[in-house]
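Trainee: Sequence and predicted structure, then a few things I'm wondering about:
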Amino acid sequence: MSSLSSSSVAARDIVALEGVTKRFPGIVANDSIDLSIRPGEVHVLLGENGAGKSTLIGMLSGLLQPDEGRILVDGKPTPITSPRHALALGIGTVFQHMMLVPALTVAENLLLGGPWWQRPRTGELEARVAEITRSLGITVKLHAKVSELSLGEQQQVEILRAMVRNSRLLILDESTSMLTPKGIDELGALMRRLVEQGLAIVFITHKLKEAAAFGDRISVLKLGRKVGEIPPERFRALGEQAIISEIVELMFGKQKDDPEAVERPIRTVRAEAAPLLQVADLAVAPTDNAPGLSSISFDIRPGEILGIAGIDGNGQKQLAEALAGQRAATGGSVRLEGVAIEALSVGERRRRGLRYLTDDRLGEGTVGTFPVSINFFLKQVGAAPFWRNGFEQRAEIDKRAAQLVREYDVRTPSLKTPVARLSGGNIQKVLLARELAEGAKVVIFNKPTYGLDLANTLASRQRIRDTAARGLAVLLISTDLEELLSICDRIAVIANGALVGTVENVDDARTKVGRLMIGLAA
Amino acid sequence: MTGLFSEVFLSALLFGAVTAALPLLLAGLGEQMSEKAGVLNIGIEGMMLAGAYLGFVGAFYSGSLWLGFLTGAAGGVAVALIMALLCVRIGLNQIVIGIALTLGLEGLTALLHHFQFSRSYPRLPAADATVIPLLSDIPVIGPAFFKHHLIVYLAVALVFGMGYLYRRTQLGLNLQAAGDKPAALDVAGIDVIKTRTIAVLTTGALAGLGGAYLANVGAGLFIPFITNGAGFLGIVLAMLARGRPVWVLFGALLFGVCLSLTTAMQVAGINIPTDVIQMLPFLAVMIMLVLFGRRASLPAALGIPYERGAR
């Protein structure tokens, strides 16, 4: 670390961007961006999906070249020509998607990149790693295979790798998106120790709270442009709440204290109405990697939103799939408008009005290479009016698709764009449009806002409220307690494949649900 | 004749097995390296044919087997160069290009041979064997395993050299990373394209050498389509060996026995139609695939061209 301990010198930019612009076919990903990155600072780059954060990182790490503008390293204009060059300049990047070879051990991954004629210097590495981990207070299993590590551990390995290579600037791209809350706190503490050692950190996120908690300086990106910066002096002067409201102002141009806190309108669910969905004693056999379900029972009335809370992996997916007919139930009954449907096929359940919005949007929700227009009708392939006598009716499909694109505000370059090219939020809109289409009576949402940015999250939640307001029954499965509290009428808690309790969403629902989730009686 | 299982017969069978196994071993080792680096090299059959033809021509005109091996390896590298250019650098589909190369080389070598030798099939003198003292005196085993051309022993040594390369060297690490997660190698500052190119060219050299051995030592002559699927057997071996060179050796020997048995049974005059006998090696492939194929693990990025920054 000796080369890094000179942070007492007046902070000069390690890396600076001047008017950097990057274009891709059809969009300007970065538009004339200025940025200064200094030692001893956590510089947060904040922006929604598609704001241009990843492009900016690509240019700093040598994967992409700017079309205009220049990058200065230590005050000298320096084109960063390749990842190797970036490393040589002391710029280490921890990418959003893990950049470790799963089949190799941690040590082998750290050694990757040495001169090919050399024998890997294992001994030297071990000494260096011991020194770094001691100063950072982390432990790393050098001889474990990467595929055996948790995501948090893998991330520590990537940070460690940047340190082993004497990085002066560490870029963390959406590093918290796959971590547990505890892992996020640990990462925050680790970043603090790193900047105290004189490192510069660029921390990319779309979560306001992390930006306010971990940053020294915040730059806000919006649609490829930098719309504002909060320098350290202002940062220290403002409280966390003031910072958050300032950022929200910058990002959305509308003033709100906490953008996710929406007053839940008190809606009246007619208690005497017959339930649309009745589930009694539903059971599913456990599999190797998933818990089964046992004695699941609940009713949902028209216009009602029932939430399913719980820690991820407690049978939420199994419940959704068993209801949709995608997973065989071993017992119990499911009634839609009083009619038993548990023996019906997936398609028949859908035709009768049971709709399921999967959380696996690209895997089972859409066919990525198919155009947006066809993805709207994936579950009606062969049905009139979009198909007649087995032939696709292109005009009908395009007409209806264009209508849905407008109605659901899907941001797509064209109807013919393969759906996988859209952002997560827009893919979700395609799914919403498809599942809420005519004939829907009961809708199951599985983690509908997972991985979406704030604007799309809020839009999806509003869509769910509107769905219920139309008189449909909604089952909302989510791991986000805030989300459930802001939308649901009642919240049931699932643990180990069984419902352990149901709570009316009134004043003290938060504590009751929380107690149920950690295994106490409400 | 003293029956099917006489000492002489057995040692001839095993000797033939080693001779038949060697081209498979070299092809398998070569394919393994390409696959480790993420390139599915279907063109290996074409590389072997190029090696067989150029190896034969080299040895025929120079009178030196070693020079023949050299020209053979060079022939394999020449074909591999095309493969590296099209599939690694430009990123075209590896299966399509591989098949095209194999078909193209089948035609090209047959045509060149026809121009050069018309319909005659000149033979090379029998290869000198390097007899290993003492070991070669063991009954059955001795004459079968220790009276081969020097290159056979070198190839077996190569098996262990490859094992060392993959497990103990920086290049070995880079190769595996190029096949498993090329993006990770790229951001580590190593050129993925270069790493994969090295692997493909090495494959070409080994396959070419295997082809040259097949023509010059195994058969002593070149006939069109002489490799007869040896390259494809090499692909199967590489897939079944799960990244371990020593398994390629065992697999090659097993197939070698089957191939040798084909000849031996015909010589011994056993009354089975030759077509059935000639099926044996391929039957063995299918049995091995059924037994072990399900557990074969392939690199995650196998067959996917690498493009920097692509999502």
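Mentor: Arrived safely, thanks for sending.

Trainee: Residue of the stretch 251-400 of chain A nearest chain B, please.
Mentor: With Cβ to the nearest Cβ as the measure, residue A:368 is the residue of the stretch 251-400 of chain A nearest to chain B, at 11.6 Å. Bear in mind the C-beta positions are built from the backbone N, C-alpha and C, glycine included.

Trainee: In contact with the nearest residue to that residue once chain neighbours are set aside, which residues?
Mentor: Leaving aside its sequence neighbours, residue A:368 sits nearest to residue A:420 (Cβ to Cβ, 6 or more residues apart in numbering or on different chains; 3.1 Å). By Cβ atoms under 8 Å, 6 or more residues apart in numbering or on different chains, the contact set of residue A:420 is A:362, A:366, A:368, A:369, A:427.

Trainee: now swap in residue B:77 and tell me
Mentor: Neighbour list for residue B:77: B:201, B:204, B:205, B:208 [criterion: Cβ under 8 Å, 6+ apart].

Trainee: Among these, which are located in helices?
Mentor: B:201, B:204, B:205, B:208 (DSSP state H).

Trainee: Would it be right to say that residue A:114 lies in a helix?
Mentor: No - counting by DSSP: H, G, I helix; E, B strand; the rest coil, residue A:114 falls outside a helix, being coil.

Trainee: Most neighbours of all the ones in helices among the contacts of residue B:77, which one?
Mentor: Among the ones in helices among the contacts of residue B:77, the one with the most neighbours (other Cβ atoms under 10 Å in any protein chain shown) is residue B:208, at 35 neighbours.

Trainee: Check the burial of the residue of the stretch 251-400 of chain A closest to chain B by counting its neighbours.
Mentor: 15.

Trainee: And for residue A:413?
Mentor: So residue A:413, with other Cβ under 10 Å, has 12 neighbours.

Trainee: and the closest residue to residue B:222 other than its chain neighbours, what does it touch?
Mentor: In space, and not counting its chain neighbours, residue B:222 is closest to residue B:56: 3.9 Å by Cβ to Cβ, 6+ apart. Taking Cβ under 8 Å, 6+ apart, we find residue B:56 in contact with B:68, B:72, B:124, B:212, B:215, B:216, B:221, B:222.

Trainee: and residue A:410, how far is that from residue A:379?
Mentor: 17 Å (Cβ to Cβ, to the nearest Å).

Trainee: And those two? Which one has more around it.
Mentor: residue A:410 (23 against 16).

Trainee: Does residue A:336 touch residue A:355 like I think?
Mentor: No - assessed by Cβ atoms under 8 Å, residue A:336 is found out of contact with residue A:355, at 11.0 Å.

Trainee: Of the two, give the one with the bigger neighbour count.
Mentor: The neighbour comparison of residue A:336 against residue A:355 (other Cβ under 10 Å) goes to residue A:355, with 24 against 21.

Trainee: where does that one land in three-state SS?
Mentor: For residue A:355, the reduced secondary structure class is strand; criterion used: three-state DSSP.

Trainee: now it, nearest residue through space, not along the chain?
Mentor: Nearest one to residue A:355, counting by Cβ to Cβ, 6+ apart, is residue A:435 at 4.1 Å.

Trainee: how many other residues sit next to the one you found?
Mentor: 20.

Trainee: swap in residue B:284?
Mentor: So residue B:284, with other Cβ under 10 Å, has 19 neighbours.

Trainee: got it, and residue A:506?
Mentor: Residue A:506: 10 neighbours (other Cβ under 10 Å).

Trainee: Also residue A:54?
Mentor: By other Cβ under 10 Å, the residues close to residue A:54 number 20.

Trainee: again with the one 5 residues further on
Mentor: For residue A:59, the count of nearby residues is 23 (other Cβ under 10 Å).

Trainee: swap in residue A:136?
Mentor: 19.

Trainee: separation between the spatially most central residue of chain A and chain B?
Mentor: With distances taken as Cα atoms, centre = their mean, residue A:451 lies nearest the centre of chain A, 2.1 Å away. As judged by Cβ to the nearest Cβ, to the nearest Å, residue A:451 and chain B stand 15 Å apart.

Trainee: Quick check, pLDDT for the closest residue to residue B:207 other than its chain neighbours.
Mentor: Of all residues beyond its chain neighbours, the one nearest residue B:207 is residue B:47 (3.9 Å), with distances taken as Cβ to Cβ, 6+ apart. According to the prediction, residue B:47 has pLDDT 97.

Trainee: Please export the C-alpha coordinates of the helix or strand hosting residue B:47 as PDB.
Mentor: Assigned by DSSP states H and E, residue B:47 belongs to helix B:44-62. What follows is helix B:44-62, C-alpha atoms only, in PDB (Å, rounded to 0.1, in the frame of the first residue of the first chain):
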ATOM      1  CA  ILE B  44      -9.500 -31.000 -37.300                       C
ATOM      2  CA  GLU B  45     -10.300 -33.800 -39.800                       C
ATOM      3  CA  GLY B  46      -9.300 -31.400 -42.500                       C
ATOM      4  CA  MET B  47      -6.100 -30.500 -40.600                       C
ATOM      5  CA  MET B  48      -5.200 -34.200 -40.300                       C
ATOM      6  CA  LEU B  49      -5.800 -34.700 -44.000                       C
ATOM      7  CA  ALA B  50      -3.600 -31.700 -44.900                       C
ATOM      8  CA  GLY B  51      -0.900 -33.100 -42.600                       C
ATOM      9  CA  ALA B  52      -1.200 -36.600 -44.000                       C
ATOM     10  CA  TYR B  53      -0.900 -35.400 -47.600                       C
ATOM     11  CA  LEU B  54       1.900 -32.800 -47.000                       C
ATOM     12  CA  GLY B  55       3.600 -35.200 -44.600                       C
ATOM     13  CA  PHE B  56       3.700 -37.900 -47.200                       C
ATOM     14  CA  VAL B  57       4.900 -35.600 -50.000                       C
ATOM     15  CA  GLY B  58       7.600 -34.300 -47.700                       C
ATOM     16  CA  ALA B  59       8.800 -37.700 -46.700                       C
ATOM     17  CA  PHE B  60       8.500 -39.100 -50.300                       C
ATOM     18  CA  TYR B  61      10.600 -36.400 -51.900                       C
ATOM     19  CA  SER B  62      13.200 -35.900 -49.100                       C
END
